[in-house]
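*Asks:* no FASTA, just this:
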């Protein structure tokens with residue numbers, strides 16, 4: 001649509017043939033972009049949603065009443081072309097903060113996209129390409145499961161590379177499914193799962209103004225409606241959703257601006273989930289640890305140090321630490337002391353594009369995993 005980029009696509013549209021149950025989670029930043037406010041109204045106040053319009057290049061953040069008016073104008077354009085109520089149209093923007101959207105180009109983009117709507121894999125792939133900003137590649141994943149004898153698909157795409165931090169990031173995520181599930185359980189499934197996926201990634205410590213994850217379920221798989229959170233069908237749905245969200249989260253963390261590898265931190269043997277989350281996030285956010293990972297340097301003191309200032313209580317003289325990648329697994333410290341490991345082997349393990357640090361604090365059976373990247 002020529003919003004900002006001249007050499008690539010920059011708008012995407014998601015459309016369901018029938019109205020969907022909708023759920024969403026949004027940035028915790030007090031400064032919220034106009035599309036976030038618009039979508040919160042749709043998710044919280046509307047019973048259904050049926051379309052999402054996404055643009056890259058301009059974030060429509062810090063744009064006042066004019067920016068909110070552009071959200072409405074976008075929804076009205078969709079209403080005119082597809083007869084979807086304006087309060088069932090979601091919008092999302094990503095890009096530069098403070099600039100006003102060229103609404104004429106946005107509306108022209110919607111007109112161009114409507115005739116191109118298609119349910120094939122290529123169209124989904126093209127949509128994932130169109131929502132990128134500084135991402136180096138598209139991010140998409142899908143999974144099929146069986147619910148009550150019906151085949152159900154859950155698929156998603158996201159974008160995010162910079163301004164990425166726990167509690168959501170300059171990331172947009174869109175997940176769709178043909179499962180039949182109540183709006184209440186859809187929201188519960190998403191809100192619960194976000195804590196272990198998108199809220200466990202960090203690239204640069206900045207929480208954005210535009211963070212949005214939307215989940216739409218249109219029920220066209222015709223499985224019996226999932227309305228009991230204690231049912232095996234709900235458990236299976238949650239498991240599949242977690243897979244999609246985890247894979248998308250890892251794709252964002254590993255594609256941090258300037259990054260060369262995905263850095264994963266697992267804390268095991270914790271006495272509580274909260275302790276494990278605090279420790280893993282502290283390590284994955286440590287600037288010095290991120291730099292050591294880039295240098296393929298097994299500088300475990302930086303990891304233990306980051307755990308020590310996290311605010312979580314543990315005994316450093318009981319900690320075991322491992323590095324792991326496709327090149328192998330190596331115990332670096334045992335009970336807080338170096339194992340006398342081979343630096344050459346450690347460097348080989350740390351030279352892969354996906355490196356994991358595993359810290360066992362030997363206090364219980366709780367675990368948490370955080371994802372980040374190296375610092376180049």
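*Replies:* Noted; the coordinates are in hand. Nothing here was measured: the structure is a model prediction, and the numbers come from that model.

*Asks:* what sits against residue 269?
*Replies:* Residues near residue 269 by C-beta atoms under 8 Å, 6 or more residues apart in numbering: 360, 361, 362, 363, 364, 365, 366, 367. Placement of C-beta: from N, CA and C, glycine included.

*Asks:* recalculate using a threshold of 10 Å.
*Replies:* 276, 314, 318-320, 358-367 (C-beta atoms under 10 Å, 6 or more residues apart in numbering).

*Asks:* show me which of those residues are buried.
*Replies:* 276, 314, 319, 320, 358, 359, 360, 361, 363, 366, 367 (16 or more other C-beta atoms under 10 Å).

*Asks:* pLDDT value on the closest residue to the second one other than its chain neighbours, please?
*Replies:* Once flanking residues are discounted, residue 314 sits nearest to residue 361: 4.6 Å by C-beta to C-beta, 6 or more residues apart in numbering. As summarised for this prediction, residue 361 has a pLDDT of 98.

*Asks:* just checking, residue 326 touches residue 352?
*Replies:* Yes - shown here, residue 326 and residue 352 form a contact pair, counting by C-beta atoms under 10 Å, at 5.1 Å.

*Asks:* pick out whichever of the two has more residues nearby.
*Replies:* Taking neighbours as other C-beta atoms under 10 Å, residue 326 and residue 352 compare with residue 352 leading, 16 against 10.

*Asks:* so what pLDDT did that one get?
*Replies:* 97.

*Asks:* pretty sure it sits against residue 264.
*Replies:* No - at 11.2 Å, residue 352 does not count as touching residue 264 under the criterion of C-beta under 10 Å.

*Asks:* where do the strands sit along the stretch 51-200 of the chain?
*Replies:* Ranges of strands in the stretch 51-200 of the chain, per DSSP state E, counting those that start in this stretch, are 89-96, 139-147, 150-159, 172-177.

*Asks:* who's residue 92 bridged to?
*Replies:* residue 54 (DSSP bridges).

*Asks:* enumerate every residue touching it.
*Replies:* Residues near residue 92 by C-beta under 10 Å, 6+ apart: 12, 14, 33, 35-36, 38-39, 52-56, 59-60, 71, 131, 159, 172-174, 210, 212-214.

*Asks:* ok, now with 8 Å
*Replies:* If you count contacts by C-beta under 8 Å, 6+ apart, residue 92 has them with 35, 39, 52, 53, 54, 55, 131, 172, 174, 210, 212, 214.

*Asks:* possible to save these as CSV with distance to residue 105 and neighbour count?
*Replies:* What follows is the contacts of residue 92, written out as CSV (distance: C-beta to C-beta, whole Å; neighbours: other C-beta atoms under 10 Å):
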residue, distance to residue 105, neighbour count
35, 16, 31
39, 21, 24
52, 18, 26
53, 12, 25
54, 14, 24
55, 9, 29
131, 16, 26
172, 19, 26
174, 21, 25
210, 19, 27
212, 21, 29
214, 23, 26
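
*Asks:* what bits of the chain have low per-residue confidence?
*Replies:* 162-170, 205-207 (pLDDT under 70).

*Asks:* now do the single longest helix found in it against strand 172-177, angle only.
*Replies:* In the chain, assigned by DSSP state H, the helix with the most residues is helix 232-254. Counting by axes from the mean of the first three to the mean of the last three C-alpha atoms, to 10 degrees, helix 232-254 lies at 150 degrees to strand 172-177.
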